[in-house]
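A.B. asks: Okay, sequence plus prediction incoming.
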Amino acid sequence: MVSVDASVFIQIVNFIFLIFVLNIILYKPIRKVLIQRKEKITGLEQGIDAADKDAKEKDDAFMSGIKDARAKGLKGKEVLLQEASEEEKKVLEKINKKAQADLAEVREKIAKDAESVGKSLHQELDVFANEIGQKILGRAF
């Protein structure tokens, strides 16, 4: 049988003293380190969340900027195309007017040349007719 004597009380006091000493020497520093680590991890997680949120905001702003730039570019492209089309119309109109003027000038020159050639041929027609008549009839008129 187990007898309860003074050694049991000494063992209980020894156990309580050991727990007290271990708590001061070992457990409190370990708990302190764990609490510091938890605070550091929490701070890092908050920093990561803030950085992630900031990155998303910057990405959204970047995408919005790209969308605005594309819209502005397309609008500018349309304006440039319209200006180019108007300029093309002006150039074509100018070329057509010049071509019409040149054509009228060439027609006028051809008409004058034809008229002068006609007059010179008309003047020489009598001479040619007399010569042809002489050759055909074999005598002079």
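C.D. replies: Nice, I can see it.

A.B. asks: where's Val21 relative to Ala69, distance?
C.D. replies: 71 Å (C-beta to C-beta, to the nearest Å). For every residue, glycine as well, the C-beta is placed using N, CA and C.

A.B. asks: Can you get me a residue count around Gly133?
C.D. replies: Neighbourhood size, Gly133 [other C-beta atoms under 10 Å]: 13.

A.B. asks: any idea of the pLDDT on it?
C.D. replies: Note for Gly133: predicted pLDDT of 80.

A.B. asks: Where does it fall, secondary structure wise?
C.D. replies: helix 28-137 (DSSP states H and E).

A.B. asks: Can you tell me the centre-most residue of this protein?
C.D. replies: By C-alpha atoms, centre = their mean, the chain has its centre lying nearest to Arg70, at 5.6 Å.

A.B. asks: residues contacting that residue?
C.D. replies: By C-beta atoms under 8 Å, 6 or more residues apart in numbering, the contact set of Arg70 is empty.

A.B. asks: per-residue confidence for it?
C.D. replies: So, for Arg70, pLDDT stands at 96.

A.B. asks: Over to Asp60?
C.D. replies: 96.

A.B. asks: same question, Phe141
C.D. replies: Value listed for Phe141 in the pLDDT field: 56.

A.B. asks: again with Lys38
C.D. replies: Value for Lys38, per-residue pLDDT: 97.
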